[in-house]
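Asker: Provided below for reference: sequence and predicted model.
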Amino acid sequence: MADTSRRRFLSTTAVLGAASLLSGKAKAGAQQICSQLPKLTHQVFFWLKNPDSIEDRDKLVEGLNDLRRIESIRGLQIGVPASTEKREVVDNSYQVSETMFFDNTEGQNSYQVHPLHQEFVEQYSHLWAKVVVYDSITL
């Protein structure tokens, strides 16, 4: 599921880039592909109680990967801070992030109450000291 969504996202990004150079029918085709992508993005950032523990990080990642089985999730990406240039606007103080994609608000709402998500919180919340969530909807 995640590989398919990622491939679809990457191919759509390429199509949109090319479409910016085209006109008429080509742009309409690119817009049609875009309209099929998930509309809601759910980003979560985790600060671990033991920020230097690779073992705790890996346990959390394992739990996040289990969430892929929830039907309403259209894509899931798990990451750690990138080694990018240090700038005032960049916050890389977290240890693990996850980004999920949903078709709509209803899909994200069903994820929140899904037994697998509830089990995840119960089994892994002892690992984190802080969690910050950003939800956005595509315009």
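Answerer: Yep, that arrived. Just so it is clear, the structure is predicted and the values come from calculations on it, not from any experiment. Numbers count the residues shown, from 1 in each chain.
Asker: Specify the residue ranges that define each domain of this structure.
Answerer: 1-37, 38-137 (automatic domain parsing).
Asker: any chance of these in a markdown table, with mean pLDDT too?
Answerer: Formatted as a markdown table, these follow (pLDDT from 0 to 100):
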| stretch | mean pLDDT |
| --- | --- |
| domain 1-37 | 57 |
| domain 38-137 | 97 |
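Asker: Highest mean neighbour count out of the ones you listed?
Answerer: Ranked by average neighbour count under the criterion mean count of other C-beta atoms under 10 Å, those are headed by domain 38-137 at a mean of 15. No exception for glycine: its C-beta is placed from N, CA and C like everyone else's.
Asker: Just the terminal-to-terminal distance for that one.
Answerer: Distance between the two ends of domain 38-137: 9 Å, counting by C-alpha to C-alpha, to the nearest Å.
Asker: start the count at 24, not 1, going forward
Answerer: Yes, from this point I'll number from 24; that puts the last item at domain 61-160.
Asker: List the contacts of the helix or strand hosting Gln141.
Answerer: Taking DSSP states H and E as the definition, Gln141 sits inside helix 138-147. The contact list for helix 138-147 (C-beta atoms under 8 Å, 6 or more residues apart in numbering) reads 82-83, 86-87, 89-90, 92-93, 134.
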